[in-house]
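# What follows is a predicted protein model with its sequence.
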Amino acid sequence: MTKLFGTDGVRGFAGTELDCAAVMRLGKAAGGAACANRQGRAKILVGKDTRASSDVLEAALIAGICSAGADVFVLGAIPTQAVSYLTEFYKADAGIMITASHSPYDYNGIKLLGATGMRFTPEEEREIEQLVFDDAWQKLGVGGKELGRIHYEEKAEWDYIRRVVKTPERDLRGMKIAVDCANGAASRYAKRVFESLGATCISVGCDPDGYNINIGCGAADTALLRETVLRRSCDIGLAFDGDCSKCIAVDEKGELIDGDKQLAIFGKFLKVQGKLNSNTVVATVMSNYGLSEFGEHEGINVAATAVGSGKVLERMLRFGYNLGGEQNGHIIFLDCEKTGDGLITGVKLCEIIKRARRKASELSAIMETYPQVRRDVFLPPEKRGVWAEDQSFRELVSQYRKKLGHEGRILVRESGTESVIRIMLEGRKTGVITEYANNIADKLVQVINTKTEKELETEKMLRELRDETENGLSVLPELKS
């Protein structure tokens with residue numbers, strides 16, 4: 001790897017792209033930085049999701065942290081927001097979550113959180129990155145009584161559940177809620193939370209085996225949740241992803257309430273209460289145009305930023321906004337949390353339904369959704385960046401943009417979390433945008449497969465040289481395990 005951090009921490013195929021040697025070096029870097037900031041023995045919390053590779057990566061991460069002289073407090077399988085909250089609550093120096101969120105089980109990743117529970121800034125990530133790749137620094141170590149110790153925080157689970165249950169201003173008695181935990185980190189938590197609030201809760205996707213995380217369930221695939229809501233006559237269904245950072249809802253009719261519609265519901269609710277800072281909701285360029293139309297109608301400004309929860313949070317912090325999120329269900333309520341929490345999102349959504357005394361489908365109807373078509377094209381790591389320079393591809397996209405005009409848009413970008421190119425088309429005519437999306441995907445496959453390795457390497461070198469010139473940054477050497 002020439003660069004560790006993407007749009008959502010470190011992520012890659014577990015055991016190959018993200019192996020134990022790399023994770024141990026990362027742990028040592030994080031532990032060393034924490035000890036340096038504290039000027040003494042640091043305390044770091046470590047949580048994980050339920051995928052099989054999380055166990056071995058946890059062991060490597062802990063070994064690295066302790067070798068730098070920091071103590072580790074193990075939280076076990078727990079949502080990312082729990083690590084964020086407990087890092088500040090336990091007065092730790094940092095928190096680390098082992099997860100690949102919504103990705104399949106064979107991926108995994110590392111998210112770093114500071115002492116306040118806030119994710120690391122890009123500058124802090126670069127500092128850690130430099131220590132990871134510094135062979136001379138990595139050879140330094142501590143011994144004897146200076147080695148870090150391992151502790152197991154047995155109260156973490158209930159300390160987090162109590163935090164979530166205290167979030168709503170009223171209980172959820174009388175509601176019937178279905179939850180799908182994606183066989184992930186929320187599997188032990190979701191039902192307890194909603195039952196503690198007085199709701200009748202039906203749970204699915206709560207039997208993790210290490211390999212079924214996000215497979216046929218959860219926020220990435222709501223078919224199971226829809227079937228459960230309809231069959232059991234639930235008021236609403238809530239689907240989470242692997243680390244419970246996202247929440248996608250399903251109304252009582254089985255219709256989807258994605259992150260954009262949730263932002264509309266939360267935005268209007270907060271505005272009516274006079275609690276929406278600057279009357280602004282932060283979304284991303286991937287958000288549906290219907291959200292912007294909703295904002296214009298309701299007098300709410302929708303500020304679009306680049307894709308990624310980090311970009312959303314950055315905009316919120318910079319301008320003092322308190323509500324933001326992504327279409328994928330990653331919603332941030334900055335008044336009560338430092339990162340997305342699927343459980344808190346779900347609890348707040350259910351609370352609004354009860355307070356408004358309206359059905360979920362009625363609340364969801366406040367925003368019209370424009371048709372969107374998405375395609376993913378596999379992108380080998382060695383071919384990142386070069387596809388966008390192909391002239392025939394650029395001409396095809398330009399041609400389709402002119403045809404769509406003001407009635408649609410096209411976004412093509414590399415994923416920051418997976419080895420794919422994301423293609424998204426939006427417009428009024430579903431048939432047209434579907435055809436365009438398929439043609440763009442086919443063109444990308446052709447471009448990626450027909451270029452020679454020499455051509456790809458030349459284009460990559462030119463791109464890196466251009467980036468260095470524009471940004472004043474150097475590309476870090478490849479990490480050798």
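All right, it came through fine.
# Report the contact partners of residue 157.
Residue 157 makes contacts with 76, 78, 188, 189, as judged by C-beta atoms under 8 Å, 6 or more residues apart in numbering. Using the backbone N, CA and C atoms, a C-beta is placed for each residue, glycine as well.
# Need phi/psi at the last one.
When read as degrees, to the nearest 10, the backbone of residue 189 gives phi -110, psi -40.
# and if you look at the second one?
Main-chain dihedrals, residue 78, degrees, to the nearest 10: phi -160, psi 150.
# wouldn't it be in contact with residue 185 here?
Yes. Residue 78 lies in contact with residue 185 (C-beta atoms under 8 Å); the separation is 5.8 Å.
# Mutual contacts of those two, please.
Joint contacts of residue 78 and residue 185 (C-beta under 8 Å, 6+ apart) are 47, 48.
# who's more crowded, these two?
Neighbour totals were compared for residue 78 and residue 185, and residue 185 leads with 35 against 28 (other C-beta atoms under 10 Å).
# Give me the pLDDT value at that one.
pLDDT recorded at residue 185 is 97.
# For it, give me its contacts.
Applying C-beta under 8 Å, 6+ apart, one finds that residue 185 lies in contact with 47, 48, 49, 50, 77, 78, 79, 80, 99, 242, 243, 244.
# distance of it from residue 90?
Relative to residue 90, residue 185 is positioned 18 Å away (C-beta to C-beta, to the nearest Å).
# cool, residue 394 as well?
For residue 394, the distance to residue 90 (C-beta to C-beta) stands at 51 Å.
# So these two - more neighbours on which side?
For residue 394 versus residue 90, neighbours defined as other C-beta under 10 Å are more numerous around residue 90 (16 against 12).
# Show me the helices in the stretch 201-350 of the chain, by range?
Along the stretch 201-350 of the chain, the segments classed as helices by DSSP state H, counting those that start in this stretch run 223-231, 259-272, 289-298, 309-319, 342-356.
# could those go into a markdown table alongside mean pLDDT and mean neighbour count?
As requested, the helices of the stretch 201-350 of the chain are exported to a markdown table (pLDDT from 0 to 100; neighbours: other C-beta atoms under 10 Å):
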| stretch | mean pLDDT | mean neighbour count |
| --- | --- | --- |
| helix 223-231 | 98 | 19 |
| helix 259-272 | 97 | 23 |
| helix 289-298 | 93 | 18 |
| helix 309-319 | 93 | 19 |
| helix 342-356 | 97 | 23 |
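# for the ones you listed, which one sits closest to residue 32?
Proximity to residue 32 (C-beta to C-beta) singles out helix 309-319 among these, at 23.2 Å.
# Outside of that closest one itself, list whatever touches it.
7-8, 118-119, 122, 245, 278, 280, 282-284, 303, 305, 321-326, 330, 332, 334, 339-340.
# redo that, cut-off 6 Å
For helix 309-319, the surrounding residues in contact (C-beta atoms under 6 Å, 6 or more residues apart in numbering) are 282, 305, 324, 330, 334, 340.
# next one: stretch 19-31
Stretch 19-31 has contacts (C-beta under 6 Å, 6+ apart) with 57, 60-61, 63-65, 67-68, 70, 128, 131-132, 138, 479, 481.
# sorry, back to before: which one of the contacts of helix 309-319 is nearest residue 299?
Taking C-beta to C-beta as the measure, residue 282 is the one of these closest to residue 299, at 16.3 Å.
# quick one on the thing from earlier: now restrict the contacts of stretch 19-31 to buried residues only.
Of the members of the contacts of stretch 19-31, the ones counted as buried by neighbours, 16 or more other C-beta atoms under 10 Å, are 57, 60-61, 63-65, 67-68, 70, 128, 131-132, 138, 479.
# JSON lines please, covering those and showing pLDDT, distance to residue 350 and secondary structure.
Output for the buried ones among the contacts of stretch 19-31, formatted as JSON lines (pLDDT from 0 to 100; distance: C-beta to C-beta, whole Å; DSSP: H, G, I helix; E, B strand; the rest coil):
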{"residue": "57", "pLDDT": "98", "distance to residue 350": "34", "secondary structure": "helix"}
{"residue": "60", "pLDDT": "98", "distance to residue 350": "39", "secondary structure": "helix"}
{"residue": "61", "pLDDT": "98", "distance to residue 350": "35", "secondary structure": "helix"}
{"residue": "63", "pLDDT": "97", "distance to residue 350": "42", "secondary structure": "helix"}
{"residue": "64", "pLDDT": "97", "distance to residue 350": "40", "secondary structure": "helix"}
{"residue": "65", "pLDDT": "98", "distance to residue 350": "38", "secondary structure": "helix"}
{"residue": "67", "pLDDT": "96", "distance to residue 350": "45", "secondary structure": "helix"}
{"residue": "68", "pLDDT": "96", "distance to residue 350": "43", "secondary structure": "coil"}
{"residue": "70", "pLDDT": "97", "distance to residue 350": "39", "secondary structure": "coil"}
{"residue": "128", "pLDDT": "95", "distance to residue 350": "38", "secondary structure": "helix"}
{"residue": "131", "pLDDT": "95", "distance to residue 350": "44", "secondary structure": "helix"}
{"residue": "132", "pLDDT": "94", "distance to residue 350": "42", "secondary structure": "helix"}
{"residue": "138", "pLDDT": "92", "distance to residue 350": "48", "secondary structure": "helix"}
{"residue": "479", "pLDDT": "39", "distance to residue 350": "44", "secondary structure": "coil"}
